[in-house]
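**Student:** Following is a predicted model, sequence given first.
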Amino acid sequence: MPNCFFLFSDLTLIMAGDNVDPSQFKGLSKHFNSQTIHGRANVTLATYAGIATIYILYKLRPKKKQ
Amino acid sequence: MMTNLFSVFDPSSSLGLALNWFSLALVMFLIPLGKSIGQSRGTTVVSWAVKKLYNEMKVLFSKNSNMVAVLFSALFLFIMINNMTGLLPYVFTATSHLVVTLSLAFPLWIGYFGFGWVNNLKWMLAHLMPQGTPWLLMPFMVVIESVSSLIRPSTLAVRLMANMIAGHLLLILVSSSVTVLNLMVFWGIVLAQLLLVILEVAVAIIQAYVLVILSVLYSSEV
């Protein structure tokens, strides 16, 4: 994938979280945290997966017989 | 003929063609061409304003892509001149219609939104959750940021449209009460309208600036 970071200044990279040391995170927080780009992306994906799961479970719930 | 309060915004024309939209092309005649070596007074004012805006925007762009800021400067000039010409009597205000404002905001948004999601998926996903969010707030922030990202073109368009309509409507409402016999009230209304027009000139410039600066900020998040 082409790297689009050349379009924007260092300011945007710092704001995004590229200056955080990922080695400080252990266990589950290594993959799900609010500091690194990797962690934040995984949290977003997990939230979308959770919403989709709730929606699918709601649609597949057994309907009461009248 | 004023059939209702909003009839002044009706895009109509008497020759069978929608010539009122030609006011969008007035920009071409009002921007100084700058063909002469020295600058005139008008060119100086316009170039000063555009340089100020360019200096603000280029902070968010790297040195290699400063020309992108020129696009946004041109957009600012276009919207500002359309807003200002709409304040002249009997000139159609194109930016008071959603079809114009959405035509400006939506392609900008879909451009960098589509580009960001296709080319920079991880970055876009990460940006939907602000850095440093507490654990409990994380899912809610994702939902809120997703919704705010999706409604951005409509907010950009509706903000400009609503501000233009509100100003013109206020002028119409104040002018409709001019048929009074009391001279003091008459001059009071004229003074109020003069102040409103001054306010509308400021709003015309500010709304153009707001749309452009927000577009730059949204594009910098890609």
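**Tutor:** Here it is on my side, so go on.
**Student:** for chain A, what are the nearby residues on chain B?
**Tutor:** Contacts of chain B with chain A, taken as Cβ under 8 Å from any Cβ of the partner chain, map to B:59-62, B:64-65, B:68, B:115-116, B:119-120, B:122-123, B:125-135, B:138-139, B:142-143, B:220-222. All C-beta atoms are positioned from the backbone trio N, CA, C, and that covers glycine.
**Student:** one more time with 7 Å
**Tutor:** Taking Cβ under 7 Å from any Cβ of the partner chain as the criterion, the neighbours of chain A within chain B are B:59-62, B:64-65, B:119-120, B:122-123, B:125-129, B:131-133, B:138-139, B:142, B:220.
**Student:** which ones among those residues are found in strands?
**Tutor:** Judged by DSSP state E, strands contain none of those.
**Student:** In PyMOL, how would I select just the buried ones from the residues you listed?
**Tutor:** Buried residues within the residues of chain B next to chain A, by 16 or more other Cβ atoms under 10 Å in any protein chain shown, are selected in PyMOL with:
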select buried, chain B and resi 60+61+62+120+123+125+126+127+128+129+131+133+138+139+142+220
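**Student:** Now for chain B, the helix or strand with the poorest mean pLDDT.
**Tutor:** When each helix and strand of chain B is scored by mean pLDDT, DSSP states H and E, helix B:26-30 comes last, with a mean of 76.
**Student:** residues touching residue B:75, list them.
**Tutor:** Applying Cβ atoms under 7 Å, 6 or more residues apart in numbering or on different chains to residue B:75 gives the contacts B:104, B:212.
**Student:** should've said residue B:204
**Tutor:** Here residue B:204 is in contact with B:80, B:83-84, B:87 (Cβ under 7 Å, 6+ apart).
**Student:** do the same with residue B:8
**Tutor:** If you count contacts by Cβ under 7 Å, 6+ apart, then residue B:8 has B:168, B:172 around it.
**Student:** For it, give its distance to chain A.
**Tutor:** 43 Å (Cβ to the nearest Cβ, to the nearest Å).
**Student:** about what we covered before: and the contacts of residue B:204, which is closest to residue B:158?
**Tutor:** residue B:83 (15.2 Å; Cβ to Cβ).
**Student:** Tell me which helix or strand the closest one sits in.
**Tutor:** Using DSSP states H and E, residue B:83 sits in helix B:68-86.
**Student:** Return the set of buried residues in that helix.
**Tutor:** Buried, per 16+ other Cβ under 10 Å, within helix B:68-86: B:68-69, B:72-73, B:75-86.
**Student:** now stretch A:21-31
**Tutor:** Neighbour-count burial for stretch A:21-31 [16+ other Cβ under 10 Å]: residue A:25.
**Student:** May I have the distance across that stretch, first residue to last?
**Tutor:** Across stretch A:21-31, the terminal residues are separated by 13 Å (Cα to Cα, to the nearest Å).
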